[in-house]
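Trainee: This is a predicted model, with the sequence first.
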Amino acid sequence: DAGVIQSPRHEVTEMGQEVTLRCKPISGHNSLFWYRQTMMRGLELLIYFNNNVPIDDSGMPEDRFSAKMPNASFSTLKIQPSEPRDSAVYFCASSLDGAQAQHFGDGTRLSIL
Amino acid sequence: AQSVTQLGSHVSVSEGALVLLRCNYSSSVPPYLFWYVQYPNQGLQLLLKYTSAATLVKGINGFEAEFKKSETSFHLTKPSAHMSDAAEYFCAVSEGGGAQKLVFGQGTRLTINP
């Protein structure tokens, strides 16, 4: 079975540009999570969805960040405008209900110049 | 609120030696506990999970962990380290039942010396 698929794997862009990260969860999973990983702050949960509905976005750093899940097989995380401090690896993960284990994608390494 | 503390950000062992990575948790309800491994340039991969069944949990790649409620610990062990075990390891806790969020520790980088 295909795992969680993220695109792009790498993104380099200039400050001020809009960045869109994409995620396809595992088929049949109904929860989706976006994380950010940096050396300084470790792994941070940004937002998670259950049945396509945002449940907790308290980890979203500021209004420049937004996430959508228009259907069960696709989610986006958007940063507009981007800033150098947004440089990090962004992971998407999915799971079934009931605190089942989360399955992670390989991440998007984002560099904002 | 749940929290996780991993003791030791770096652990180094010799090939063939015992691996012990420490994790202590804080939870107001019976927890679900997880260990994940992350290899360079990859996402996190589940090693094992505890969900209130047997307290000794066996995972992939020869790893196991024991849930000790009295010590609020969930340490990860492997009897004999292999070079391929070099990676970063994360302990995580969630609330039981239908709770979705995981709280991760800061990670422990395991180095294997030949």
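Mentor: Structure's in. What do you need? None of the values given here were measured: they were computed from a predicted structure.

Trainee: only C-alpha atoms for contact and neighbour calcs from this point on.
Mentor: Noted.

Trainee: Give the closest residue to the most centrally placed residue in chain B in space, chain neighbours not counted.
Mentor: By C-alpha atoms, centre = their mean, the mean C-alpha position of chain B lies nearest to B:Trp35, the distance being 3.4 Å. Spatially, and ignoring its direct neighbours in sequence, B:Trp35 is nearest to B:Cys91 (4.6 Å; C-alpha to C-alpha, 6 or more residues apart in numbering or on different chains).

Trainee: Could I get the contacting residues of the residue nearest to the centre of chain B?
Mentor: B:46-49, B:76, B:89-92 (C-alpha atoms under 8 Å, 6 or more residues apart in numbering or on different chains).

Trainee: can you put these in CSV and add secondary structure and pLDDT?
Mentor: Shown next, in CSV, are the contacts of B:Trp35 (DSSP: H, G, I helix; E, B strand; the rest coil; pLDDT from 0 to 100):
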residue, secondary structure, pLDDT
B:Leu46, strand, 94
B:Leu47, strand, 96
B:Leu48, strand, 94
B:Lys49, strand, 91
B:Leu76, strand, 98
B:Tyr89, strand, 98
B:Phe90, strand, 97
B:Cys91, strand, 96
B:Ala92, strand, 93
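
Trainee: Of those - the most surrounded one?
Mentor: Neighbour count (other C-alpha atoms under 10 Å in any protein chain shown) singles out B:Cys91 as the most crowded of those, with 30 neighbours.

Trainee: I'd say it and B:Phe104 touch.
Mentor: Yes - using C-alpha atoms under 8 Å, B:Cys91 makes contact with B:Phe104 at a distance of 5.9 Å.

Trainee: between these two, what contacts are shared?
Mentor: Common neighbours of B:Cys91 and B:Phe104 (C-alpha under 8 Å, 6+ apart) are B:Val4.

Trainee: if I look at the residue nearest to B:Trp35, how far off is B:Leu44?
Mentor: 11 Å (C-alpha to C-alpha, to the nearest Å).

Trainee: so what sits against both of those two?
Mentor: By C-alpha under 8 Å, 6+ apart, the residues touching both B:Cys91 and B:Leu44 are B:Tyr36.

Trainee: picking that back up, give the partner strands of the helix or strand hosting the residue nearest to the centre of chain B in its sheet and their orientations.
Mentor: Assigned by DSSP states H and E, B:Trp35 belongs to strand B:31-38. Applying DSSP bridges, strand B:31-38 is found paired with strand B:44-50 (antiparallel), strand B:87-95 (antiparallel).
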